[in-house]
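Provided below are the primary sequence and the corresponding predicted coordinates.
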Amino acid sequence: MSATEPRDRIGHIEEAGVEYLPESAKDSSPRNLFAVFTGANFGWISAVYGWVAIQLGLDFWSAVASTVIGTLLGTLVVLPLTRISPRTGTNMTVSSGAFFGIRGRLLGSGLSLLIAIVFAAITVWTSGDALVATAHRMFGLPQTDLARGIAYGFVSALIVVVALYGHATIVAMQKWIVPIAGVVLLLGFLAFSGTFDPTFSTDEFSVGGFWQTFILSTVLATAGPISYAPVIGDYTRRISIRRHSDTAIRWALFGGMTIGTLLPAILGAFAGASMTVDTGDFMTDLVGSSPLWYLAPILIVSVIGGFGQGVLCIYATGLDLETFFPRLRRVHTTALAAGVAVVLLYLGVFVFNAVDAITSATVILNAVTMPWVVVLVIGAIRTHSYDPNDLQAFAQRRTGGRYWFTGGWNAPALIAWFVGSVFGLLSVYTDLYEGPLANILGGIDPSALGSGLLAAVVYLGFVRFAPHAVDGPLGREIACDSSSLSTTP
């Protein structure tokens, strides 16, 4: 690596933003990718979704089944995205300009900001509540709003510090989070085995009957993998496709997402069917129902698990904010993102019911993110080469090039996203918000699947009948002659 290229070293602040990373800067590997997405999920935020399935009215085995199905579906949807950033040398939202246009990439940046901020807030909430609840039971400290506010600030500060250092430090941190948090989570099954009742349920389904609730739980489970779509490129962009195959990269992401998500989520459902305390708050009930010997392990996962998920979110948001505030450095945008996440957290905890807020936020985000992901997936499958220089046109304040399309916007991609998102928002089915089309399937939530399918139909329609509108005047010619670009291995 030359002296002018951005350095990426453990314990040093990463200099690179969303600019193109040359081959010599791609020093990561599929193993690192696996560690990042496993460690990011090994926390209580993933366990919450298993617990929510129980709270919705499912018994343990139904909760596990819906969680497994949702996680696998969500992961399979995003797997093709691993092809993009190793070839573009930049993150996913900048890369989305290849399909949405140089200015259309702002849509991806906006969605990424929303997703990362919401999930960062949820992470700080679960970790902070765990600290307060554990301290109350172990030392008798009060469980007040002030105590929670201090805990949220403490967790947020730790997350921001690690996120500021950047990629190399994040990867190194995740590598030690995986074994420690993994062992602690496995011990959780032993801790709650004494009161576990696989037939336990609340005896009341939250939305309609069993199948409506089962599908809602499944939709919620897809939220985790799909929410990672905008941040996958933050880590795959540093993997060389000259040294590592697409298959190896896909398997690394698949393993990280499924193992990382399912272990804590199943533990969350297991604990939900074992709890002897029922206040409606996950961390309070978890700590209150836990044997004394498991309180310290809960505290460990609260801290390092919060790091794993929160750092991923804040780091991604810091990168994407560069799009909207080009004069700020990544360290400044990262701090700004953290501040917004904490504000959202306070609204979710102190103004709204936390469980309802999580359910509504993730389902609604799914409804508007799925169409964007579908367009990227179709684009990734169709496209074998990219022009990294033209993808940086927006940051360089220039017009024209392969991805200029119509004034910097790709109409077919935007129309497909818009049509899918409108349907998704109109068909959302949650306790806080019910769209006018929510009951078209008898109370079964059609928002995520319907929005994705509709976007796919619209976009593929343009691909079939108006390919020049999809690929632009330059895109199709270059796509048919992929040897003209050095980004294809």
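Thanks, I have it.

any low-confidence regions in the stretch 351-489 of the chain?
Using pLDDT under 70 as the threshold, the predicted model of the stretch 351-489 of the chain has low-confidence ranges 351-360, 431-432, 442-444, 474-489.

From Pro86, how far out is Tyr235?
10 Å (CB to CB, to the nearest Å). C-beta coordinates here come from the backbone N, C-alpha and C atoms, glycine included.

These two: who's more crowded?
When neighbours are counted by other CB atoms under 10 Å, Tyr235 and Pro86 differ, and Tyr235 comes out ahead with 30 against 23.

Isn't that one up against His167?
Yes. Between Tyr235 and His167 there is a contact at 7.3 Å, judged by CB atoms under 8 Å.

Overlap of the contact sets of those two?
With contacts defined as CB atoms under 8 Å, 6 or more residues apart in numbering, the residues adjacent to both Tyr235 and His167 are Ser28.

And Glu434, its phi and psi?
Geometry field for Glu434 lists phi and psi as phi -130, psi 110, criterion degrees, to the nearest 10.

which residue packs closest to it, ignoring adjacent ones?
Leaving out its chain neighbours, the residue that sits closest to Glu434 by CB to CB, 6 or more residues apart in numbering is Val428, at 7.1 Å.

contacting residues around the one you found?
Ser360, Val363, Ile364, Ala367, Glu434, Gly435, Ala438, Asp445, Ser447.

Please repeat the previous calculation with a cut-off of 10 Å.
Val428 makes contact with 219, 360, 363-364, 366-368, 434-438, 445-448, 451, according to CB atoms under 10 Å, 6 or more residues apart in numbering.

Now Trp409, what are its backbone angles?
With angles defined as degrees, to the nearest 10, Trp409 sits at phi -120, psi 140.

so what's it up against?
Counted by CB under 10 Å, 6+ apart, Trp409 has contacts Phe100, Gly101, Ile102, Arg103, Gly104, Arg105, Leu106, Leu107.

Please check those residues and keep the buried ones.
In terms of neighbour count (16 or more other CB atoms under 10 Å), the buried residues within the contacts of Trp409 are Phe100, Gly101, Ile102, Arg103, Gly104, Arg105, Leu106, Leu107.

Next, the third one: secondary structure please.
Three-state call for Ile102 (DSSP: H, G, I helix; E, B strand; the rest coil): coil.

For Val374, see how far away it is.
Taking CB to CB as the measure, Ile102 falls 21 Å from Val374.

same check, this time on the first one
For Phe100, the distance to Val374 equals 12 Å [CB to CB].

Touching both of these two, which residues are there?
Ala416, Trp417.

can you give me the helices for the stretch 1-150 of the chain?
Counting by DSSP state H, counting those that start in this stretch, one finds helices in the stretch 1-150 of the chain at the ranges 30-39, 44-55, 60-78, 85-88, 92-95, 97-100, 105-139, 145-165.

coming back round to it: find the residues that touch each one of Tyr235 and Pro86.
Common neighbours of Tyr235 and Pro86, counting by CB under 10 Å, 6+ apart, are Ser28, Ile249.

picking that back up, could you find which two of the buried ones among the contacts of Trp409 are furthest from each other?
Ile102 and Leu107 (11.8 Å; CB to CB).

just checking, next helix/strand downstream of the helix or strand containing Thr284?
Under the criterion of DSSP states H and E, Thr284 resides in helix 282-289. Toward the C-terminal end, the helix or strand that comes next after helix 282-289 (DSSP H and E) is helix 295-324.

And that next one, what's buried?
Across helix 295-324, burial judged by 16+ other CB under 10 Å covers 295, 297-299, 301-323.

Which residue comes closest to Ala191 once chain neighbours are left out?
Nearest in space to Ala191, with sequence neighbours left out and distances taken as CB to CB, 6+ apart, is Tyr294 at 3.9 Å.

Could you do Gly452 as well?
Met370 (4.0 Å).

relative orientation of the helix or strand containing that neighbour and helix 44-55 in degrees?
With the criterion set as DSSP H and E, the secondary-structure element containing Met370 is helix 354-382. Angle, helix 354-382 to helix 44-55, by axes from the mean of the first three to the mean of the last three CA atoms, to 10 degrees: 110 degrees.

wait, doesn't Trp251 sit right on Phe37?
No. Trp251 is beyond contact range of Phe37, at 11.9 Å (criterion: CB atoms under 10 Å).

pLDDT score for the residue lying closest to Ala316 once chain neighbours are set aside?
Leaving out its chain neighbours, the residue that sits closest to Ala316 by CB to CB, 6+ apart is Val231, at 4.1 Å. According to the predicted model, the pLDDT of Val231 comes to 89.

what about Val231, distance to Ile159?
15 Å.

cool, Gly305 as well?
Going from Gly305 to Ile159 by CB to CB gives 11 Å.

what do the two both touch?
Counting by CB under 10 Å, 6+ apart, the residues touching both Gly305 and Ile159 are Thr123, Ser127.

Can you list the buried residues in stretch 88-103?
Burial within stretch 88-103, assessed by neighbour count using 16+ other CB under 10 Å, is assigned to 88-103.

show me the contacts for Leu56.
62-63, 66, 201-202, 204-207, 212-214, 216-217, 220, 355, 359, 431.

Could you check the pLDDT of the closest residue to it other than its chain neighbours?
With CB to CB, 6+ apart as the criterion, Leu56 has its nearest non-adjacent residue at 4.5 Å, and that residue is Ser206. pLDDT, Ser206: 77.

Just the local confidence number for Thr123, please.
Per-residue confidence for Thr123 comes out at a pLDDT of 77.

Would you confirm that it contacts Ala341?
Yes. Applying CB under 10 Å as the test, Thr123 and Ala341 come out as touching, 8.6 Å apart.

neighbour count winner among these two?
Regarding Thr123 and Ala341, a neighbour count based on other CB under 10 Å identifies Thr123 as having more, with 31 against 27.

And the more buried one, how far from Val303?
11 Å.

Most distant residue from the centre of the protein?
With distances taken as CA atoms, centre = their mean, the residue sitting farthest from the centre of the chain turns out to be Gly140, at 35.5 Å.

Test for you: state the pLDDT assigned to that one.
Taken from the predicted model, the pLDDT recorded for Gly140 is 87.
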